[in-house]
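Peer 1: give me the fold of what follows.
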Amino acid sequence: MGKQNTIFTTLLFTAVSILPSGISAQQKATVSITAKADAPTINKHIYGHFSEHLGRCIYDGFYVGENSAIPNTHGVRNDIIAALKELKIPNLRWPGGCFADTYHWKDGIGPKNQRPTIVNQWWGGVTEDNSFGTHDFLDLCETIGTEPYLAANVGSGTVQEFAEWVQYVNHGGKSPMSDLRKKNNRETPWGVKFWGVGNEMWGCGGNMTPEHYANLYRQYATFMGDWSNSGKLFRIASGANAGDYHWTEVLMRDIPKNMIEGVALHSYSVIDWNNKGSATKFDEKLYFSTMKSALFMDELVTKHAAIMDKYDPEKKIALIVDEWGGWYDVEEGTNPGFLYQQNTMRDAMIAGCTLNIFHNHADRVRMANLAQTVNVLQAVILTKGDKMLLTPTYHVMNMYKVHQDAKLLPVTVSAAEYKVGNESLPAISASASVKDGKTHISLVNIHAKEKVTTDINLSGLNLKDFTAKIITSGKLQDCNTFENPNAITPKAFKDFKYKNGTLSVTLPPFSVVVFEAK
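Peer 2: A predicted model of the protein is given here:
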């Protein structure tokens, strides 16, 4: 974890003003969408998720144990499995986060009653029994139908430990590690492609300088495979903390291009690290500050990508934003080290805008991971005993999944302004794509008070048969609760017009929309 600072058809996600109903205004915006032959594909892996040994993400989240009364498959909740299958998550990152650089994978294999315990020094100081380990995680990924992304221990581990983990999960022939895997009742290898070479090496991974880490990365990458990386491992270097552009510069300069496939980036939508504010009890000023931080992702990606372009003009190396999302104070009465927070319409705004940013930078951003999947930070799922709910963020990612592996349609936005005090932000965020003869357009109006009439120029696309759905709620602070888990759910929406190549829609305050057309 680091510190820093967009379902079958289409969905319109919205809510009404947090101000009295008598206060209302309306602005206008225009969006132009065109087809471009050489536009990139929006990589499905942008829709990745993150599952760290942190708080109640793994234990009492994903994993309840084989003997639990809660319906499960090998100890993993069946309702979570079903929800993530519906979401079509393309990859899942594990075991950290900061936890990764204290985790020794051999402690989590073999008979569960013989596994040693580990103290989670980063998150609450709790003692874990290692009952959820490599087999449990990789089998979970197979069950969900997602690719595993293993973040390996560089900070407190060894090159040999890392290389043996690769061999344990990937080697199909005879070797000490494949023999050990078979002894532990797994005959065939899992074939893990995505590997993180440490995590946040500038911080909890070892407080290293980029120059030191670049050399260390080269050493670890050397022993992950053979001369030519014939196993096609996708090796991801621990990247920058938000605006640390020097970090990216050093990695791109000092790591040979045949030894790296991705450079990570971590950035959170945070107001103040010393006073993050409540997840649900926030005013418009705090909301505005959060959205300013979220929209800063566009500048971060642009500047890091420009550095990468200097050393890699062919864009072979991907920018991997493998930690992003909103970060607030924990809910009252919960363990401060567990990072449990509610998920409101504000989080829906963060998700919609961030995914739009990733789409529009699809030439370089080819993987990302929302932090985190269950019960931690901007989670898509919350659990309480045998109860489970889907958050507004889940619904945004579910409606946006239509963009996975679709061809980007470049957008130009002339946005209305969202002003608070002397500051202003663009009120409208947008992205679009086409796949299998269907065009999808995602729009976000972050304005807390005003509707925005948006005209979308589609004159060159020859579209018809537009559909949409809407989710409404009373105010920005609304969320799904265990008492009312379906407070925010999709409903049919038909309040739009299409005429002479222009799609006109009035976006309610703090709304997310995805249109579909043929």
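Peer 1: count of neighbours near the residue nearest to Gly501 when sequence neighbours are not counted?
Peer 2: In space, and not counting its chain neighbours, Gly501 is closest to Ser459: 3.3 Å by C-beta to C-beta, 6 or more residues apart in numbering. C-beta coordinates here come from the backbone N, C-alpha and C atoms, glycine included. Per other C-beta atoms under 10 Å, the neighbour tally for Ser459 reads 12.
Peer 1: contact partners for the residue nearest to Gly437 when sequence neighbours are not counted?
Peer 2: In this structure, Gly437 finds its nearest non-sequential neighbour in Lys518, 6.2 Å apart by C-beta to C-beta, 6+ apart. Residues counted as contacts of Lys518 (C-beta atoms under 8 Å, 6 or more residues apart in numbering) are 437-439, 463-465.
Peer 1: circling back to that earlier point, shouldn't the residue nearest to Gly501 be within a helix?
Peer 2: No - checked against DSSP: H, G, I helix; E, B strand; the rest coil, Ser459 lies outside a helix; its state is coil.
Peer 1: quick check: it touching Tyr498?
Peer 2: No - between Ser459 and Tyr498 there is no contact under C-beta atoms under 8 Å: 11.2 Å.
Peer 1: what about the contacts of Lys518, which are in helices?
Peer 2: Nothing among the contacts of Lys518 maps onto helices, per DSSP state H.
Peer 1: now render these as JSON lines, adding neighbour count, distance to Pro392 and pLDDT.
Peer 2: Converted to JSON lines, the contacts of Lys518 look like this (neighbours: other C-beta atoms under 10 Å; distance: C-beta to C-beta, whole Å; pLDDT from 0 to 100):
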{"residue": "Gly437", "neighbour count": "6", "distance to Pro392": "30", "pLDDT": "95"}
{"residue": "Lys438", "neighbour count": "16", "distance to Pro392": "24", "pLDDT": "96"}
{"residue": "Thr439", "neighbour count": "23", "distance to Pro392": "25", "pLDDT": "97"}
{"residue": "Leu463", "neighbour count": "21", "distance to Pro392": "28", "pLDDT": "94"}
{"residue": "Lys464", "neighbour count": "8", "distance to Pro392": "30", "pLDDT": "90"}
{"residue": "Asp465", "neighbour count": "9", "distance to Pro392": "28", "pLDDT": "93"}
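Peer 1: out of the residues you listed, who's nearest Asn153?
Peer 2: Using C-beta to C-beta, Lys438 is the member of the contacts of Lys518 that lies nearest Asn153, at 43.1 Å.
Peer 1: what's across from the closest one in the sheet?
Peer 2: Beta bridges link Lys438 to Lys435, judged by DSSP bridges.
Peer 1: Val505 versus that one, what's the distance?
Peer 2: According to C-beta to C-beta, to the nearest Å, Lys438 stands 18 Å off from Val505.
Peer 1: figure out how far stretch 138-147 is from the centre of its chain.
Peer 2: On the basis of C-alpha atoms, centre = their mean, to the nearest Å, stretch 138-147 sits 17 Å off its chain's mean C-alpha point.
Peer 1: burial count for the residue lying closest to Ile58 once chain neighbours are set aside?
Peer 2: Spatial nearest neighbour of Ile58, chain neighbours left out: Phe132 (5.3 Å); criterion: C-beta to C-beta, 6+ apart. Phe132: 23 surrounding residues under other C-beta under 10 Å.
Peer 1: what of the one 10 residues further on?
Peer 2: Residues contacting Glu142 under the criterion other C-beta under 10 Å number 12.
Peer 1: just the contacts of Lys518 now: which is nearest His304?
Peer 2: Nearest to His304 out of those is Thr439 (C-beta to C-beta; 29.6 Å).
Peer 1: thinking again about what came up before, quick one: the residue nearest to Gly437 from Lys494, how far?
Peer 2: Distance from Lys518 to Lys494, counting by C-beta to C-beta: 17 Å.
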